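Asks: Got a sequence here, can you build the structure:
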Amino acid sequence: MTYLDVVFRYVNQPSEREARAMDSVREVYGILMIQFDEKEKTVRVRYDASRLNEDMVAGLLRRTGLDLGEKLVLA
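Replies: Numbering: from 1, shown residues only. Here you go, the predicted structure:
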């Protein structure tokens, strides 16, 4: 298994509905962690790269209704 992190900026603060929908993303096989930073308006996802890729992770997040912006480069 290869674990990677990807960080996206989001546009609007997640609503209660979107936060509840995020629980379904946490249950996807290969998603290990989802962490929000409200101050920076970012969401960090740790995932198993042998099962998922960045586009798939972004798609899962968008399906919750989260309005994703740019992907940030991790140093």
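
Asks: So the most centrally placed residue in the chain: helix, strand or coil?
Replies: Nearest to the mean C-alpha position of the chain, by Cα atoms, centre = their mean, lies Val45 at 4.6 Å. Classification of Val45 using DSSP: H, G, I helix; E, B strand; the rest coil returns strand.

Asks: If I follow the layout properly, Val7 ends up in contact with Lys41?
Replies: No. Applying Cβ atoms under 8 Å as the test, Val7 and Lys41 come out as separate, 10.8 Å apart. No exception for glycine: its C-beta is placed from N, CA and C like everyone else's.

Asks: Touching, the residue nearest to the centre of the chain and Thr64? I think so.
Replies: No. Contact between Val45 and Thr64 fails when scored by Cβ under 8 Å: they sit 11.8 Å apart.

Asks: Dig out what the closest residue to Arg26 other than its chain neighbours forms beta bridges with.
Replies: Of all residues not flanking Arg26 in the chain, Ile34 sits nearest, at 5.9 Å (Cβ to Cβ, 6 or more residues apart in numbering). Ile34 has the following beta-bridge partners by DSSP bridges: Val45.

Asks: Report the buried residues of the helix-or-strand element of the chain with minimal mean pLDDT.
Replies: Across the helices and strands of the chain, mean pLDDT, DSSP states H and E gives its lowest value to helix 16-26, namely a mean of 91. For helix 16-26, the neighbour count (16 or more other Cβ atoms under 10 Å) marks 18, 21-22, 25 as buried.

Asks: Ok, stretch 47-59 next?
Replies: Buried residues in stretch 47-59 (16+ other Cβ under 10 Å): 47, 52, 57-58.

Asks: measure Arg44 to Thr64 for me?
Replies: 15 Å (Cβ to Cβ, to the nearest Å).

Asks: picking that back up, my guess is the residue nearest to Arg26 contacts Tyr47. True?
Replies: No. With contact defined as Cβ under 8 Å, Ile34 does not reach Tyr47; the gap is 9.4 Å.

Asks: Phi, psi for Tyr29 please.
Replies: phi -60, psi 120 (degrees, to the nearest 10).

Asks: how close does the residue nearest to Arg26 sit to Leu72?
Replies: 15 Å.
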